[in-house]
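Novice: Sequence and computational prediction follow.
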Amino acid sequence: MTADTPITQDVLTIPRKLPDAKKVNIVGLTRDGLRDALLAAGTPEKQVKMRVGQIWQWVYQWGVRDFHAMTNLSKAYRAELDDKFEIALPEIVSKQLSADGTRKYLVKIAGGHEVEVVYIPETDRGTLCISSQVGCTLTCSFCHTGTQKLVRNLTAGEIIGQVMLARDDLDEWPEPGTGTGENGPRLLSNIVLMGMGEPLYNFDNVRDAMKIAMDGEGIALSRRRITLSTSGVVPEIAKTAEEIGCLLAVSFHATTDEVRDKLVPINKRFNITTLLDALREYPRLSNSERITFEYVMLKDVNDSDADARRLVKLIQGIPAKINLIPFNEWPGSPYQRSDWSRIEAFADIIYKAGYASPIRTPRGEDIMAACGQLKSATERERKSRAQIEAEAGL
Ligand code: SAH
Ligand code: SF4
């Protein structure tokens, strides 16, 4: 073919295997996925189970990123792995530290997109709030993430990668050859899927990543230390119990369908009754104790005594804790935070009805790391204030 030969569409669509075709990333593969990948790369069937275990331990128990450091594998095998695989994480672009110790990481994923990850230290635990999507297809009217137009699901590797990056930053990988660190208190002891995105719209990747987080021979967090928050994707709730088994939080936020339709528009598809039916089944299916109801306190919208009483009535029979979240404002947000005395009065009604009703102290507000404020600054295309207000029915 000469230089002037026109390149036709056909030529362009012929699949080519480029010599520098991308290496397979180990991070995010389930045990079965890793097994298949090693087999495909020529690891003998007889050895593969042992190799999966060894590599898994290096990557997820000790945080090693270099195949050459995997000293219980032969040098030749290490070189072979290095040739065909990589251990790649998303990249931390910036890190902000709040006056209260909260850390917010801006993380770059493939394609140049960015997500935010927040680490919240407390006296008895350290919680990492991770993202499951860039943006969110849902448009809850009080949520900053919901104003972001661009959406893509994160891969399992990008989801578990956020946990691994935070452990790097906290310098919390046990020394190679030692245990999982279960003996002492952990800096990163809990995961909440409460960052950007709706985790149940990215079910398979979230499940695979959380399976990795829970695997006893790696990061080894118990399923009771992982909480998945959903806006109420009813068809996936039973599946979450059966296939992940973690704790569940639900963004409830309103006590009538009329108000919830405006705040959490997925309510138009799965209304309060349908949602509560699914939630009633969750503790049994997942063998967990109680469900967290998240309730954002919006001045004069959902914060009356009548709301508190309706809420208690609605959730009757469901083992529950109600987490009251003072609304965190963001530029252009169409709501105001309820007054503190109102939040306390609301909490009191719920508490007297027999439910724990903690008020979530906003953390990391000075670095826009609080609930619902996450939205990477680089994603410039956003909805206008008018559009936000119109969608909220204001
Ligand atoms: N998409 C999932 C998980 C991410 S949101 C969900 O909606 O549950 C995590 C929590 O922060 C949710 O309860 C959400 O409703 C709440 N939230 C969103 N925006 C907020 C804001 N501006 N102030 C306070 N909480 C907010
Ligand atoms: Fe999406 Fe959750 Fe924000 Fe709603 S509250 S827009 S579901 S991230």
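Specialist: Now that the structure is in, tell me what you want to look at. Ligands and ions are numbered 1, 2, ... in the order given.
Novice: Provide the partner residues of the residue most central in space within the chain in its beta bridges.
Specialist: Nearest to the centroid of the C-alpha atoms of the chain, with distances taken as CA atoms, centre = their mean, sits residue 193, at 3.2 Å. On the basis of DSSP bridges, residue 193 is bridged to residue 228.
Novice: Quick one: end-to-end distance for stretch 103-122.
Specialist: 12 Å (CA to CA, to the nearest Å).
Novice: Counting neighbours, show which residues of that stretch come out buried.
Specialist: 103-109, 113-121 (16 or more other CB atoms under 10 Å). The C-beta positions use only the backbone N, C-alpha and C, and glycine is treated the same way.
Novice: Please compute how far that stretch lies from its chain's middle.
Specialist: 11 Å (CA atoms, centre = their mean, to the nearest Å).
Novice: again with stretch 167-178
Specialist: The answer for stretch 167-178 is 22 Å, by CA atoms, centre = their mean.
Novice: can I get the CA coordinates of it in CSV?
Specialist: C-alpha atoms of stretch 167-178 as CSV (Å, rounded to 0.1, in the frame of the first residue of the first chain):
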residue,chain,number,x,y,z
ARG,A,167,-4.1,3.1,52.7
ASP,A,168,-0.9,4.3,50.9
ASP,A,169,-1.5,7.8,52.1
LEU,A,170,-2.2,6.7,55.7
ASP,A,171,0.9,4.4,55.4
GLU,A,172,-1.2,1.5,56.6
TRP,A,173,0.0,-1.6,54.8
PRO,A,174,1.4,-4.4,57.1
GLU,A,175,5.0,-5.3,56.5
PRO,A,176,5.2,-8.1,53.9
GLY,A,177,5.2,-11.4,55.7
THR,A,178,3.0,-10.2,58.6
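Novice: For that stretch, which outside residues touch it?
Specialist: 58, 61-64, 69, 89, 92, 95, 103, 105, 119, 126, 180-181, 186-188, 219 (CB atoms under 8 Å, 6 or more residues apart in numbering).
Novice: Would you show me how to pick out the buried ones of those residues in PyMOL?
Specialist: Here is the PyMOL command that selects the buried residues among these (16+ other CB under 10 Å):
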select buried, resi 58+61+62+63+64+89+92+103+105+119+126+180+181+186+187+188+219
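Novice: Tell me the first helix or strand C-terminal of the worst-scoring helix or strand of the chain on mean pLDDT.
Specialist: For the chain, the helix or strand with the lowest mean confidence is helix 9-13, at a mean of 33 (criterion: mean pLDDT, DSSP states H and E). The helix or strand immediately downstream of helix 9-13 is strand 24-25, counting by DSSP states H and E.
Novice: From the contact counts, what lies against that following strand?
Specialist: Packing contacts for strand 24-25, counted by 3 or more CB pairs under 8 Å, 6 or more residues apart in numbering; DSSP states H and E, involve strand 85-86.
Novice: Can you give the strand pairings for the strand it packs on, parallel or anti for each?
Specialist: Partners of strand 85-86 in its sheet, by DSSP bridges: strand 24-25 (parallel).
Novice: quick one: contacts of the partner strand?
Specialist: Under CB under 8 Å, 6+ apart, the answer for strand 24-25 is 37, 41, 84, 85, 86, 87, 88, 157.
Novice: most neighbours, which of those residues?
Specialist: residue 157 (24 neighbours; other CB atoms under 10 Å).
Novice: Dump the contacts of strand 24-25 into JSON lines; add pLDDT and distance to ligand 1 as well.
Specialist: Shown next, in JSON lines, are those (pLDDT from 0 to 100; distance: CB to the nearest ligand atom, whole Å):
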{"residue": "37", "pLDDT": "97", "distance to ligand 1": "31"}
{"residue": "41", "pLDDT": "96", "distance to ligand 1": "37"}
{"residue": "84", "pLDDT": "96", "distance to ligand 1": "36"}
{"residue": "85", "pLDDT": "97", "distance to ligand 1": "32"}
{"residue": "86", "pLDDT": "96", "distance to ligand 1": "30"}
{"residue": "87", "pLDDT": "97", "distance to ligand 1": "28"}
{"residue": "88", "pLDDT": "95", "distance to ligand 1": "26"}
{"residue": "157", "pLDDT": "97", "distance to ligand 1": "20"}
